[in-house]
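Enquirer: build me a model:
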Amino acid sequence: MDGDDFGGLLGGGDDPNDLLSGLPEGVVDDRIREIDGDIKDKNSRLERVESDVKDTKDRMAVMVEHLKNVQQELVNTQQLTDAKSKEVETEDHLKQIAQREAGRLLQDISKQERSAFDLQDRLNLTQNHIFRGNEKMDAFKLQMNWNQEQIEQWALAAKQKEEDNLALQKYARADEIKIKEMNLALEK
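Expert: Sure thing, here's the model as predicted:
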């Protein structure tokens, strides 16, 4: 029973917590006053305990809410950590791909350098062959020029010989005509 209800039964006074104030003087003795003091102490203690319980419940509600927030933050942090781990794994994977690509490119560069070296050797050989061919061509042209001069000299000599032959034939005919004329003149 509440102190207010009890005070109402006893006829109560001005103070609802003072149950004995409305009672006649002879009815209240030391024992009742002691019990009344104990009741007041216990009511006061009960109020403090209820207040403490309310405060504790309020703190617990705040702590439960805080715990939920901390757990949610833990979940978010774990998700962020997982995402970062995946990002690191992805970066490692991309790094490995890039390293393999770099190695492949270095091999390609080395292969191209060897190919360029081989092509340079072939070009040098071809240029040497062309140079030797040009030297042979120049020698042949020089030979042809000598042969051309010889042909021209031979043609000139042949022409001279032909002219000489024609002149000889002309003189021979002229001589034959003279001989015939002389023979005819002798025969007459």
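Enquirer: rest of the way, CA atoms for contacts and neighbours
Expert: Noted.
Enquirer: does residue 26 fall in a helix, a strand, or a coil region?
Expert: coil (DSSP: H, G, I helix; E, B strand; the rest coil).
Enquirer: so for the helix ranked longest in the chain, mean pLDDT?
Expert: Longest helix of the chain, by residue count under DSSP state H: helix 30-187. Across helix 30-187, the average pLDDT comes to 90.
Enquirer: distance between it and the chain's centre?
Expert: Here helix 30-187 shows a centroid-to-chain-centroid distance of 16 Å under the convention CA atoms, centre = their mean, to the nearest Å.
Enquirer: tell me the spacing between residue 31 and residue 174.
Expert: Computed as CA to CA, to the nearest Å, the residue 31 to residue 174 distance reads 202 Å.
Enquirer: neighbour-wise, which of those two wins?
Expert: More crowded of residue 31 and residue 174, by other CA atoms under 10 Å: residue 174, with 12 against 9.
Enquirer: show me the contacts for residue 182.
Expert: Not one residue lies near residue 182 by CA atoms under 8 Å, 6 or more residues apart in numbering.
Enquirer: against residue 175, how distant is it?
Expert: Going from residue 182 to residue 175 by CA to CA gives 10 Å.
Enquirer: ok, residue 104 - contacts?
Expert: Residues near residue 104 by CA under 8 Å, 6+ apart: none.
Enquirer: how close does it sit to residue 133?
Expert: Residue 104 is 42 Å from residue 133, where distance means CA to CA.
Enquirer: try residue 85
Expert: 70 Å.
Enquirer: repeat that for residue 140.
Expert: 10 Å.
Enquirer: so what sits against both of those two?
Expert: Shared contacts of residue 140 and residue 133 (CA under 8 Å, 6+ apart): none.
Enquirer: what count of nearby residues applies to residue 87?
Expert: Quick note: residue 87 (other CA under 10 Å) scores 12 neighbours.
Enquirer: likewise the one 3 residues further on?
Expert: The number of residues packed near residue 90 is 12, by other CA under 10 Å.
Enquirer: got phi/psi on residue 28?
Expert: Here is the backbone geometry of residue 28 (degrees, to the nearest 10): phi -90, psi 120.
Enquirer: and residue 22, what element?
Expert: Of the helices and strands defined by DSSP states H and E, none includes residue 22.
Enquirer: run a quick neighbour tally on it.
Expert: Residue 22 has 15 neighbours, counted by other CA under 10 Å.
Enquirer: going forward, begin numbering at 433 instead of 1
Expert: From this message on, residue numbering opens at 433, which makes the last subject residue 454.
Enquirer: distance of it relative to residue 493?
Expert: Computed as CA to CA, the residue 454 to residue 493 distance reads 43 Å.
Enquirer: next one, pLDDT for residue 434 please.
Expert: In this model, residue 434 is scored at 47, pLDDT.
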